[in-house]
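Student: everything below, folded, please.
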Amino acid sequence: MVADQLKELKLGELLETPPPGLDEAVAIAKVVQFVNSQEYARFSRIVFDTAPTGHTLRLLALPEFVDVSLGKVIRLRKKLSGAADAVKGLFGVGGNQDEVVAKLEKLQERIRMVKALFRDKDQTEFIIATIPTQLGIAESRRLLSALRQENIPCKRIIVNQVITPNTGHAFLKLRLKDQQAALSLLDSDPALKDLNHVRAPLVDLEVRGLPALQYFGSTVWKDEVLDRINAGSGRRYFMLGGKGGVGKTSCSSSLGMRCALAGHTTLVVSTDPAHSLSDSLDQDVSGGLPVQVQNPFGGPELPLYGMQINLEQARAELRSTVAGGGAKGLNEFLDGLGLGMLSQQLKDLDLGELMDTPPPGVDEAIAISKVVQFLDSPDYAHFDRIIFDTAPTGHTLRLLTLPDFMDKGLGKLVMLRAKLTAAASTVKNFFTGGKGEQDPAVVAMEKLRGRMDAARALFHDSSKTQFIIVTIPTLMAAAESARLAASLRQEGIPLETLVVNQVIREEAGDKFLQARIADQQRAMQVVQSDPGLGELQLITGPLFDLEVRGVPALQYFGSVVWK
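Tutor: Residues are numbered from 1 along each chain as shown. Predicted structure coming up:
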């Protein structure tokens, strides 16, 4: 009877569901594999164009996670080879697992090759690319620290888009012409033309701190734009996302400032693993709880709060939930059920080991769901505008869809525990006449899954939530924004507004350029004086008058930068 109930769980999916990130890790392994083959031996330099900071750190950690995850599946497959037929039936496998194990071990070997290659200073070097702004430099500092911690070799930093003293009206004219082509594309693209377009100027100083955010916000989020965004009653949620480097954090913080000045108690939440919100607000808002932003103007405090989600806290919660609250794991749980040989055979498989290592990305999903949960508590009922400053495009799409890992991984083990508990309770109650107790781990996991479902439902609710795409007027950024808009619509995410940031004004002249140069020089001084970044070879790349796109432009750009 119990075995029949357990068959309904389709535990075989635990073996068939690939760990999140396996596709990316395998893709890198495949590149490394084929360039090492005789057919591609002519390649002597391989350049990886990685995703923005937070996603890159995830990518560098992937081989470790995938290696560990595959090792657990391999061990489970090997144990199933010697398991009883009844247990094999639960997993939908039969006979010897040697052939499957051999394939998995070959895959694991390739993943380990990538893991070793990332850390081989004789073959690999990570080059940090940044721009001359305080926010860009601060993010580069954190990236270098993470690379050092992971033992990833890094000797150079390139500071791109540096305006030189020789830049003048010719630069602006050509830049404006190039910008117009991108703006025309944004206005006519089928995926974007129906959105409300908001244009934000490229200002002559970095948007950092409340005075700058207030000024920038007044030029971007004008009254008619703000009224349209704030239309409707009750609490509203806004998610700002787009390509890396387009100014999402500045747009998010300035929208928060505008909402607060309009009388709304506003919370700006950063979900990017590479947080820049504290840098943008010029105040520490880390720690995983809302922090009121101090008013530098004096007078009454603004109803503006900032918060950077605490990913380590989320990981600890996931580990605790999987471990059954930390008191006893799945094996100890099986020991205490009193189901005889079946319990022992399942215990021998070490199923709980599969869930010990949370995959990259799940921590963010849990952290965001927790934000949604605590905002429903009486203590935080006063927030009526919540703005999410999200990670760059690819990372955000993964977050919004929420990984299947929760259902096919953790969900399976929860259902396994629930069914075993029910079976054991039935037997015990028959003899004692008592009521069975609920398993705390099942309760905790169902609560977590319910919270994530509620967050996902909220992000799809057009009466409460709106996604705002932030982009810049270049053809590459415009194309990525069109793809993002199409993906959001496919996922059913409400989308109405497109912000085109860093638009050069027609009247911009020498005064504008001189102010930008002075601001950039201050950022360059920070790079040179930083204990970590200052040790790296510094390479500068000028801000060109045309978008670097196509072989001729790349050849020219390369000759200037990579001297």
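Student: next SSE downstream of the helix or strand harbouring I468?
Tutor: Element membership of I468 [criterion: DSSP states H and E] is strand 465-471. Next along the chain after strand 465-471, taking DSSP H and E as the criterion, comes helix 475-491.
Student: alpha carbons of the very next helix or strand once past that next one, as CSV, please.
Tutor: Next helix or strand after helix 475-491 toward the C-terminus (DSSP H and E): strand 495-503. Coordinates of each C-alpha in strand 495-503 appear next as CSV, following Å, rounded to 0.1, in the frame of the first residue of the first chain:
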residue,chain,number,x,y,z
LEU,A,495,4.5,46.0,-19.0
GLU,A,496,3.6,49.6,-19.9
THR,A,497,6.6,51.8,-19.7
LEU,A,498,10.0,52.1,-21.4
VAL,A,499,12.7,54.5,-20.0
VAL,A,500,15.4,55.5,-22.5
ASN,A,501,18.2,56.7,-20.3
GLN,A,502,21.4,58.7,-21.1
VAL,A,503,19.9,60.6,-24.0
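Student: direction included, what does strand 495-503 pair up with?
Tutor: strand 196-201 (parallel), strand 465-471 (parallel) (DSSP bridges).
Student: now do that strand: everything it contacts.
Tutor: Here strand 495-503 makes contact (CB atoms under 8 Å, 6 or more residues apart in numbering) with 179, 183, 186, 192, 195-202, 220, 225, 229, 240, 246-247, 250-251, 466-473, 481, 485, 488-489. For glycine as for every other residue, the C-beta is placed from the backbone atoms N, C-alpha and C.
Student: before we move on, what about stretch 155-167?
Tutor: Under the contact criterion CB under 8 Å, 6+ apart, stretch 155-167 has outside partners 125, 127-132, 140, 144, 513, 516-517, 520, 524, 527, 533, 536-543, 561.
Student: out of those residues, which are inside helices?
Tutor: Judged by DSSP state H, those include S140, L144, L513, R516, I517, Q520, M524, V527, V561 as members of helices.
Student: got a ChimeraX select line for the buried ones in the residues you listed?
Tutor: Only the buried entries of the ones in helices among the contacts of stretch 155-167 go into this ChimeraX selection, using 16 or more other CB atoms under 10 Å:
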select :140,144,513,516,517,520,527
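Student: just name the most buried of the strands paired with strand 495-503.
Tutor: strand 465-471 (a mean of 24; mean count of other CB atoms under 10 Å).
Student: that one to helix 475-491, inter-axis angle?
Tutor: If you take axes from the mean of the first three to the mean of the last three CA atoms, to 10 degrees, strand 465-471 sits at 160 degrees to helix 475-491.
Student: so what's the residue nearest to L488 when sequence neighbours are not counted bridging to?
Tutor: Leaving aside its sequence neighbours, L488 sits nearest to L495 (CB to CB, 6 or more residues apart in numbering; 5.0 Å). The partner list for L495 in beta bridges (DSSP bridges) reads F467.
Student: poorly predicted segments of the stretch 1-150 of the chain, please.
Tutor: Low-confidence segments of the stretch 1-150 of the chain (pLDDT under 70): 1-36, 40, 51-70, 72-73, 75-98, 100-101.
Student: I misspoke; the intended subject was the stretch 151-300 of the chain.
Tutor: Along the stretch 151-300 of the chain, segments meeting pLDDT under 70 span 165-171, 273-274.
Student: looking at the ones in helices among the contacts of stretch 155-167, which is nearest Q292?
Tutor: Q292 lies nearest to S140 out of those, by CB to CB, at 28.7 Å.
Student: let me see the contact set for that closest one.
Tutor: By CB under 8 Å, 6+ apart, the neighbours of S140 are I128, T130, I157, V527, L533.
Student: per-residue confidence for the last one?
Tutor: The per-residue pLDDT reported for L533 equals 86.
Student: what sits against the residue nearest to it when sequence neighbours are not counted?
Tutor: Closest residue to L533 apart from its sequence neighbours, by CB to CB, 6+ apart: V527 at 5.1 Å. Counting by CB under 8 Å, 6+ apart, V527 makes contact with P132, I137, S140, I157, V159, L533, G534, L538.
Student: which of those tops the neighbour count?
Tutor: P132 (26 neighbours; other CB atoms under 10 Å).
Student: show the backbone phi and psi for it.
Tutor: Dihedral pair for P132: phi -80, psi 70, per degrees, to the nearest 10.
Student: and it, how far from A523?
Tutor: Distance of P132 to A523, given as CB to CB, to the nearest Å: 4 Å.
Student: cool, L185 as well?
Tutor: Going from L185 to A523 by CB to CB gives 30 Å.
Student: cool, A138 as well?
Tutor: 10 Å.
Student: could you do V371 as well?
Tutor: Separation of V371 from A523 (CB to CB) stands at 31 Å.
Student: ok, now Q490?
Tutor: Distance from Q490 to A523, by CB to CB: 39 Å.
Student: still on that earlier bit, can I get the ones in helices among the contacts of stretch 155-167 in JSON lines with distance to V293?
Tutor: JSON lines is the format used below for the ones in helices among the contacts of stretch 155-167 (distance: CB to CB, whole Å):
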{"residue": "S140", "distance to V293": "24"}
{"residue": "L144", "distance to V293": "28"}
{"residue": "L513", "distance to V293": "32"}
{"residue": "R516", "distance to V293": "26"}
{"residue": "I517", "distance to V293": "30"}
{"residue": "Q520", "distance to V293": "26"}
{"residue": "M524", "distance to V293": "28"}
{"residue": "V527", "distance to V293": "27"}
{"residue": "V561", "distance to V293": "38"}
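Student: of the ones in helices among the contacts of stretch 155-167, which is the nearest to D376?
Tutor: Among these, S140 lies closest to D376 (CB to CB), at 37.2 Å.
Student: quick one on the thing from earlier: neighbour-wise, which of Q490 and A523 wins?
Tutor: Relative neighbour count places A523 above the other of Q490 and A523, with 20 against 10, counting by other CB under 10 Å.
Student: who touches the more buried one in this structure?
Tutor: By CB under 8 Å, 6+ apart, the neighbours of A523 are P132, T133, Q134, G136, I137, E206.
Student: pull the number of nearby residues for I504.
Tutor: 16.
Student: ok, of the ones in helices among the contacts of stretch 155-167, which one's closest to A116?
Tutor: Taking the ones in helices among the contacts of stretch 155-167 together and measuring to A116 by CB to CB, the closest member is L144, at 21.4 Å.
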